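Q: Provide a 3D model corresponding to the input given below.
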Amino acid sequence: MVSYSKNEWFYGRDELLSDLFRKFQEKREHCYNNRLALYGLGGVGKTQTALAYIYAKREFYVSIFWISGVNETTLRSDFRRIAKCVGIDTPDADDCIVRVLAWLNQQTNWLLVVDNLDEIEIIDGFLPDNDLKKHTLITTRNPNADGIPAEGLEVRVLTQKNAMDLLLLRAKLPVDSEILRIEAKKIVIKLGCLPLAI
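A: I've put the predicted structure just below:
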C-alpha cells in the first residue's frame, strides 16, 4: 500500500540504503531496534530515500504500508486505509487504530513508513511493536529521534560529486565531460547540493 511510484532519478544514496537495511537487522540492547527515523533538512531527500528503500527491499517484506505523519487527521485517515486494506471493518476511528495496531502486532513481517512526522507528539499511541522483520521507518525534520522513539539516521546533502552527477544526468548531458563538470560544480555549490533544488 504505497501510493508513490519508484523514482528512477534517485541517486547517490547507496551507502545510506545499505545502512538502513543493516540497522533494521541489528538487535542491540538499550536501542530502538527495528524503528528508524531518517532526519534532515527539508528537500534533502528523506522521503525519496524511504521510497528507494521500499523498492530496493520490497521482496523482503510481506506487507508495506505508507502513512502520512503531517498531522493527526492524516494519520487517522491513513490508519483507516490500512484497516480497509487488511479487512478490518469498524466505524469508530479510535477502535480502528487499536485494531490496526493489534493486527500489525500479530503479523510477522511488514514495513510501516510514517512520512513527514515533524511534530513527533502526533505519533504518540500510533506506533506498533517492532521485531526482527517488523520495521517502522519514519521521515522527519526533527533531529530528536529519541522523542519518537526511534533510532535517528541523518540524511545529509549530497556530496559535491554526486550532486554534479545528478545535475548532469537530469539535464541529459554527458557526466564525464570536464567542461560541463566545471559548470555543474558552480551550480550545485549555489544550490547547496540539495537534491530537491537540483
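
Q: Next one: the most centrally placed residue in the chain from residue 69, what distance?
A: Centrality entry for the chain: nearest residue to the mean C-alpha point is residue 50, 2.8 Å, by CA atoms, centre = their mean. As for residue 50, its distance to residue 69 is 12 Å (criterion: CB to CB, to the nearest Å). Every residue, glycine included, has its C-beta placed from N, CA and C.

Q: what's the overlap in contacts for those two?
A: Common neighbours of residue 50 and residue 69, counting by CB atoms under 8 Å, 6 or more residues apart in numbering, are residue 115.

Q: quick one on the thing from earlier: excluding its own residues, what touches the one helix or strand the residue nearest to the centre of the chain maps to? List them.
A: Under the criterion of DSSP states H and E, residue 50 resides in helix 46-57. Under the criterion CB under 8 Å, 6+ apart, residues 2, 4, 6-7, 10, 13, 16-17, 20-21, 38-40, 64, 66, 111, 113, 115-116, 137, 139-141, 155, 195 lie in contact with helix 46-57.

Q: among the residues you listed, which are in helices?
A: 16, 17, 20, 21 (DSSP state H).

Q: farthest-separated two in those?
A: Maximum pairwise distance in the ones in helices among the contacts of helix 46-57, criterion CB to CB, is 10.1 Å, between 16 and 21.
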